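J.: with the input below, show me the fold.
(chains A and B)
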Amino acid sequence: ETGVTQSPTHLIKTRGQQVTLRCSSQSGHNTVSWYQQALGQGPQFIFQYYREEENGRGNFPPRFSGLQFPNYSSELNVNALELDDSALYLCASSLDPSGGVKETQYFGPGTRLLVL
Amino acid sequence: GENVEQHPSTLSVQEGDSAVIKCTYSDSASNYFPWYKQELGKGPQLIIDIRSNVGEKKDQRIAVTLNKTAKHFSLHITETQPEDSAVYFCAAGGAGNQFYFGTGTSLTVIP
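T.: Below you'll find the predicted structure:
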């Protein structure tokens, strides 16, 4: 186990609703990255948070937003849910990315979101 | 951006045999290559990684090789066991903050 926790484990929403997913990083890690994993695919990078600010973003629309708190935990918010947002949402924690060395990312168990 | 391709998509081996999964990447700036194992209903678990200043790394039954010139890296699992059955993902990371993942290999070890 990595020590990265996510809640809830499963969630069902309807199209147009909003959802908030939560992640607690591994002890000692100050960086959280969020990924979307569609069925049968590899994880796709949504964004990363470091020092409570967005620190890089993948090819996702603005209705995907996030927060990082002083204790390094993080939230992923998705507005105006679409059917294609159904996926496993993973968060990964890592150490300070500012040192120029790529840091290993450790994943949580994910939140399975189903949009009907 | 980076493009990571992974082959094969499915792989079946007899228990005790070796399994090899191959990945290629496109961005020469990528310098870190982790491999993850994902079991059903769980998040990806790091099993081994390699940085671009190293050509090979081994950890018990698992090894990874990297060819920077050809831009490909491979995962080798020897003496496979039924508990090795899972989906394996390669990934590449470089100058940016994200990792780019392959599409996964579903490995089945037949007892």
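
J.: in stretch B:27-34, what's buried?
T.: B:27, B:30-34 (16 or more other CB atoms under 10 Å in any protein chain shown). All C-beta atoms are positioned from the backbone trio N, CA, C, and that covers glycine.

J.: filter the residues you listed down to the ones close to chain A.
T.: Under the cut-off given by CB under 8 Å from any CB of the partner chain, chain A has B:31-32, B:34 from the buried residues of stretch B:27-34 close to it.

J.: CSV please, covering the residues you listed and showing secondary structure.
T.: Below are those laid out as CSV (DSSP: H, G, I helix; E, B strand; the rest coil):
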residue, secondary structure
B:Asn31, coil
B:Tyr32, strand
B:Pro34, strand
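
J.: closest to chain A out of the buried residues of stretch B:27-34?
T.: Of all these, B:Tyr32 has the smallest distance to chain A: 3.7 Å, by CB to the nearest CB.

J.: pairing partners for that closest one in the sheet, please.
T.: B:Arg51, B:Gly93 (DSSP bridges).

J.: quick one: pLDDT of it?
T.: Reported pLDDT at B:Tyr32 in the predicted model: 92.

J.: isn't it right up against B:Lys57?
T.: No - B:Tyr32 is beyond contact range of B:Lys57, at 12.0 Å (criterion: CB atoms under 8 Å).

J.: centre-most residue in chain A?
T.: Closest residue to the average C-alpha location of chain A: A:Trp34 at 2.7 Å, with CA atoms, centre = their mean.

J.: would you confirm that that one contacts A:Leu88?
T.: No - contact status for A:Trp34 versus A:Leu88: not in contact, 11.5 Å apart, counting by CB under 8 Å.

J.: OK, contacts around A:Phe45?
T.: Shown in contact with A:Phe45 (CB atoms under 8 Å, 6 or more residues apart in numbering or on different chains): A:33-35, A:56, A:58, B:98-100.

J.: tabulate the residues you listed (JSON lines), appending distance to A:Asn79, pLDDT and secondary structure.
T.: What follows is the contacts of A:Phe45, written out as JSON lines (distance: CB to CB, whole Å; pLDDT from 0 to 100; DSSP: H, G, I helix; E, B strand; the rest coil):
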{"residue": "A:Ser33", "distance to A:Asn79": "20", "pLDDT": "94", "secondary structure": "strand"}
{"residue": "A:Trp34", "distance to A:Asn79": "15", "pLDDT": "97", "secondary structure": "strand"}
{"residue": "A:Tyr35", "distance to A:Asn79": "19", "pLDDT": "97", "secondary structure": "strand"}
{"residue": "A:Gly56", "distance to A:Asn79": "21", "pLDDT": "88", "secondary structure": "strand"}
{"residue": "A:Gly58", "distance to A:Asn79": "17", "pLDDT": "91", "secondary structure": "coil"}
{"residue": "B:Gln98", "distance to A:Asn79": "22", "pLDDT": "82", "secondary structure": "coil"}
{"residue": "B:Phe99", "distance to A:Asn79": "26", "pLDDT": "89", "secondary structure": "strand"}
{"residue": "B:Tyr100", "distance to A:Asn79": "26", "pLDDT": "93", "secondary structure": "strand"}
